[in-house]
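J.: Sequence plus predicted model, see below.
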Amino acid sequence: MKKNMPSTLTATSAASVEAKAQTEQQVYRTGDLQAFEALDTFFTGKVNVKMVFPENGVANYSAAYVTFQPMARTAWHTHPAGQHIIVTQGVAMTGTRDGKVIHFHEGESVWCPPGIDHWHGATSDAVMTHLVITASKDGVNVIWKEKVTDEQYAAASE
């Protein structure tokens, strides 16, 4: 470089660092994200959650693999911005307040629109894993309600 020639290096601003983070790919390695047993406040039976990716400043949705042991299920809940449910193992059930129940199998998916009271879980005789992609609205992705009763679950299993 010649003397007295201006340098091409400039100070990096906080705004340019944020812009770079939004324009570069980000990898989430196995083990980098949280895996945990779901709280019995919101679930009945043994349920394990493994986060796949979090939401970020651009994409207001996250994903997780959720594995339900036989008869395990969520409590009633809604998603303010909706949720996609994709079965990756076994057979899933999802029910709504009007008593409608959908059974769906590995490779099949269900879209749950915003504000629909529903639950989902495994059948009584097999483990089920699904991938959920859950959107958020105003920073909220789920509103939990009361637990699904054994009677409600049994009716869905028929």
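T.: Cool, the structure landed.
J.: Tell me how far residue 97 lies from residue 115.
T.: 11 Å (CB to CB, to the nearest Å). To be clear about C-beta, it is placed using only N, CA and C from the backbone, and glycine gets the same treatment.
J.: all strands for this structure, in order.
T.: Assignment of strands within the chain using DSSP state E yields the ranges 35-37, 43-44, 47-53, 61-68, 73-74, 77-78, 83-89, 91-96, 101-105, 109-112, 118-122, 128-135, 143-144.
J.: Kindly reformat those as TSV containing mean neighbour count and distance to residue 25.
T.: Supplementary listing: the strands of the chain in TSV, determined by neighbours: other CB atoms under 10 Å; distance: least, CB to CB, whole Å:
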stretch	mean neighbour count	distance to residue 25
strand 35-37	11	23
strand 43-44	21	33
strand 47-53	16	12
strand 61-68	20	16
strand 73-74	24	32
strand 77-78	18	32
strand 83-89	19	22
strand 91-96	20	31
strand 101-105	15	32
strand 109-112	15	25
strand 118-122	24	31
strand 128-135	20	18
strand 143-144	13	32
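J.: Contacts for stretch 29-42, please.
T.: 46-54, 66, 74-75, 77, 144 (CB atoms under 8 Å, 6 or more residues apart in numbering).
J.: switch the cut-off to 7 Å
T.: Residues from elsewhere that reach stretch 29-42 (CB atoms under 7 Å, 6 or more residues apart in numbering): 47, 48, 49, 50, 51, 52, 74, 75, 144.
J.: Could you do stretch 150-158 as well?
T.: The contact list for stretch 150-158, computed with CB under 7 Å, 6+ apart, reads 73, 93, 95, 101, 123, 124.
J.: quick revisit: closest to residue 23 out of the strands of the chain?
T.: strand 47-53 (17.3 Å; CB to CB).
J.: Direction included, what does the closest one pair against?
T.: Strands adjacent to strand 47-53 in the sheet, as given by DSSP bridges, are strand 35-37 (antiparallel), strand 61-68 (antiparallel).
J.: For the first one, give the mean pLDDT please.
T.: Average pLDDT, strand 35-37: 93.
J.: Pop out the phi and psi values for the closest residue to residue 97 other than its chain neighbours.
T.: For residue 97, the nearest residue in space outside its immediate sequence neighbours is residue 117; the separation is 4.6 Å by CB to CB, 6 or more residues apart in numbering. According to degrees, to the nearest 10, the main-chain angles of residue 117 amount to phi -70, psi 130.
J.: okay, now residue 117: neighbour count?
T.: The number of residues packed near residue 117 is 14, by other CB atoms under 10 Å.
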